[in-house]
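> Provided below are the primary sequence and the corresponding predicted coordinates.
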Number of protein chains: 2
Amino acid sequence: MSLQSRSADEIRTLHAEMEQAYAALQQAGLTLDLTRGKPSPDQLDLASALLEEPGQDFRDSAGTDTRNYGGLVGNADLRATFGPLMGVPPEQVVAGDNASLAIMHDLVVFGLLKGVVGSPRPWGEEDEVVFLCPAPGYDRHFAICEQYGITMRAIEMHDDGPDVEAVRREVADPAVKGMWIVPTYANPTGAVVSDEVATALAQMPTAAPDFRIFWDNAYAVHHLTEERTPTADILGLCERAGHGDRPFVLASTSKITFAGSGVSFFGASADNVAWYTGLIGKRTIGPDKVNHLRHARLLPDAEAVHAHMDGHRAILAPKFAAVQEILQDRLGGHDVATWTDPAGGYFVSLDVPDGTASRVVALAKEAGIALTPAGASFPHGHDPRDRNIRIAPSFPSMADLRAAMEGLATCVLLAATEQRLDA
Amino acid sequence: MSLQSRSADEIRTLHAEMEQAYAALQQAGLTLDLTRGKPSPDQLDLASALLEEPGQDFRDSAGTDTRNYGGLVGNADLRATFGPLMGVPPEQVVAGDNASLAIMHDLVVFGLLKGVVGSPRPWGEEDEVVFLCPAPGYDRHFAICEQYGITMRAIEMHDDGPDVEAVRREVADPAVKGMWIVPTYANPTGAVVSDEVATALAQMPTAAPDFRIFWDNAYAVHHLTEERTPTADILGLCERAGHGDRPFVLASTSKITFAGSGVSFFGASADNVAWYTGLIGKRTIGPDKVNHLRHARLLPDAEAVHAHMDGHRAILAPKFAAVQEILQDRLGGHDVATWTDPAGGYFVSLDVPDGTASRVVALAKEAGIALTPAGASFPHGHDPRDRNIRIAPSFPSMADLRAAMEGLATCVLLAATEQRLDA
């Protein structure tokens, strides 16, 4: 029975129940954390072989002493492993340090200070630089824009990717230089960009000659079911549309091996790669090749990556199932919330009644349950409907996760009944 | 007997001898490399324990799981080891990834796009941004300026550091925002900035309120003699002069542990560190903490670093002695060249007759001896006197080094006699 259709008395009763449940929650003295998409310790254990690599055998398969300077584009074997997973020829893949976020940051910085391939001038010399931001989306993408004064325009995120009609309208504005997308199992909704949407993004005309799609494929192989959902071939689609320089493809092993000590990847057209390596060559003599060698040994080919990810799935899928079970059990009967049931990735996106997300997060915090700030998944941290909450189930133990989700459900119902009673 | 005082006949004879020696050199089919300051494999072997660290004990001394995300400022133990070596309180040291060059690059980028502490506006919004460049100096510093259109003004490098009077004159220009210095065993001359010069740099008034000294202490502990030459306390001197935000202090383990897989460090005033971490926090979630842990175990305190460097000295000092011996033996009697005899660092700076450095490098190349391009140690690669050649003795074996130095001496004499005969 939906909250909407209940009588005032029934709502008062539910509200009183939730107040009681919330008081109990506060007394329980919880310290639970659903904020960030961090792997749990048992997930990290899957890569524990890295902790003893490379041993005294420090040469890569080409015979290079990985300890010394050099090798700007990174380990060739590792690039051969990840190229196919990224949909990019290995010779157009650059393996970097521990964070693809850093590559994205640097790409934006290079755009601002130097311009990209095809830029009439550095982006920083334009009156305004605009990036399109599918929302809800990844807060750290938006933070880069915010840091450098790039205007963010929100684009609604659908189940098959960003709203293509809205994107088409926006890119008729020459100030629009970039667009963020997490194409597979998007943060936070789990959406997967369809071939149709990808094709439209590849083919659409853009007023800016140097428009770039930041194709952040952070969860390319992070399946929660046995189906290995393929990512659309953005580089191939763009090439065939005559826009080969349009996509910047990003990936990393942060949620494959060690979150803080993995390897990041950049893939793009040959011209883009030449532009990028020319610029980073003034920043570094090369990435950490010893760490590349560790990874090349753990992950000798794409199939090894898939096998490794099966281990993650075995740990993560039950946690995501528990989230679904508790949300359905506690909220399903009240018609107060909707949530995603992703087939991969790291998040569940929960929509509560408009205007109550901030209240839910505050209530949870008071009860010792840390949630990502309401609105975090929107540009400037502002959710225009104040309804979206991002749930990250990976890090807590199953017991902690269940306790946190039960508590969250209580907070959602408490905030919803409060709102109804105030109305 | 100096070349200058010889008769034309004597010079013709020497020239003919050198032509013969050079022909023999070409026939020897050498492939020798004196270009970059790379550690040799036996130097890298000193840190081979890193190749098996951290093993399954992946927690740092605070109990943090180093494999996961987080920890923007880096491993606390490692910061405590390097703080004293940098002359910076450990709580004002940030440990980063594998290259201090990358930190320097990012500091410049942040200055251009955001401004530093005390900037009236981002540097990029000024009509012109000028950096002072002690020359000969480090080519990679100059390359960063070149990439971003920063005007470089050369400052003569003396034995006790940059020409202070020239610096004082330049910083009266508000466009001068920065200055590069390698304070100890400078690249390439081996000069050490004296306390007097450092005090002058700390105290001098500057027209720009946001002038920064990039104090790149790359060779702080890289002694070639038993004397551990201390580096001037630039942060303390600047603080006492009321210019605490003036220095950015850089260091790394690139030439302590593994050249490509070490740890970099940034140290500065508390305000500068807060500014820096605020900006890099949008670029990364944190550095490679597993690699930090490896280093913290190998180098538990400053004394361990010194002891480790004694191992490098045992390998390097004989190579530097061989360079001196061959230069003295082959060139000493002819008064055609001067060279440095550094007490630390990675380079010997050789000055040949004005106008012949390019010719020497070209002759050496033809004979299979790779030298850093003539002029590389000057802004825009232009040595106004075309006389300076940077010699990097660390990487080749002793036999290769001796062969390369003998060949180089031949090329110097051949070019010098050619020039005399043409005159």
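Thanks, I have the structure now.

> after whichever helix in chain A runs longest comes which helix or strand?
Secondary structure of chain A read by DSSP state H shows that its longest helix is helix A:302-331. Scanning forward in sequence from helix A:302-331 by DSSP states H and E, the next helix or strand is strand A:338-339.

> that following strand pairs with which strands, parallel or anti?
In the sheet, strand A:338-339 lines up against strand A:348-351 (antiparallel) (DSSP bridges).

> isn't residue A:109 up against residue B:108?
No: here residue A:109 does not reach residue B:108: they are 10.6 Å apart, not a contact under CB atoms under 8 Å. Just so you know, the C-beta spots here come from the backbone N, C-alpha and C atoms, and that holds for glycine as well.

> which one's more surrounded, the two?
Set side by side, residue A:109 and residue B:108 show unequal neighbour counts under other CB atoms under 10 Å in any protein chain shown, the larger going to residue B:108 at 28 against 24.

> what's near enough to touch residue A:253?
With CB atoms under 8 Å, 6 or more residues apart in numbering or on different chains as the criterion, the residues that contact residue A:253 are A:262-264, A:295, A:299.

> please apply the same query to residue A:393.
Going by CB under 8 Å, 6+ apart, residue A:393 touches A:34, A:316, A:319-320, A:322-323, A:348, A:401, A:405.

> between those, which is nearest residue A:387?
Distance to residue A:387 across the contacts of residue A:393 (CB to CB) is lowest for residue A:348, with 14.4 Å.

> pull the helix or strand with minimum mean pLDDT from chain A.
Least confident element among the helices and strands of chain A, by mean pLDDT, DSSP states H and E: strand A:32-33 (a mean of 92).

> quick one: it near chain B?
No: using CB under 8 Å from any CB of the partner chain as the criterion, no contacts between strand A:32-33 and chain B are found, and the smallest distance is 12.1 Å.

> show me what contacts the closest residue to residue A:202 other than its chain neighbours?
Computed as CB to CB, 6 or more residues apart in numbering or on different chains, the closest residue to residue A:202 that is not its neighbour in sequence is residue A:237, at 3.7 Å. Counting by CB under 8 Å, 6+ apart, residue A:237 touches A:198-199, A:201-203.

> any idea how many residues pack against the closest residue to residue A:159 other than its chain neighbours?
In this structure, residue A:159 finds its nearest non-sequential neighbour in residue A:191, 5.4 Å apart by CB to CB, 6+ apart. A count of neighbours around residue A:191, defined by other CB under 10 Å, yields 27.

> list the residues that contact residue A:191.
For residue A:191, the contacting residues are A:157-161, A:185, by CB under 8 Å, 6+ apart.

> among those residues, the buried ones, what's the ChimeraX command?
One line in ChimeraX is enough to select the buried members of those, burial here meaning 16 or more other CB atoms under 10 Å in any protein chain shown:
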select /A:157,161,185
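
> now render the contacts of residue A:191 as CSV, adding distance to residue B:384 and secondary structure.
Listed next are the contacts of residue A:191 as CSV, based on distance: CB to CB, whole Å; DSSP: H, G, I helix; E, B strand; the rest coil:
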residue, distance to residue B:384, secondary structure
A:157, 59, strand
A:158, 63, strand
A:159, 65, coil
A:160, 62, coil
A:161, 58, strand
A:185, 58, coil
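
> and which of the contacts of residue A:191 is nearest residue A:76?
The shortest gap between residue A:76 and any of these belongs to residue A:185, at 28.4 Å (CB to CB).

> alright, that wraps it up for me.
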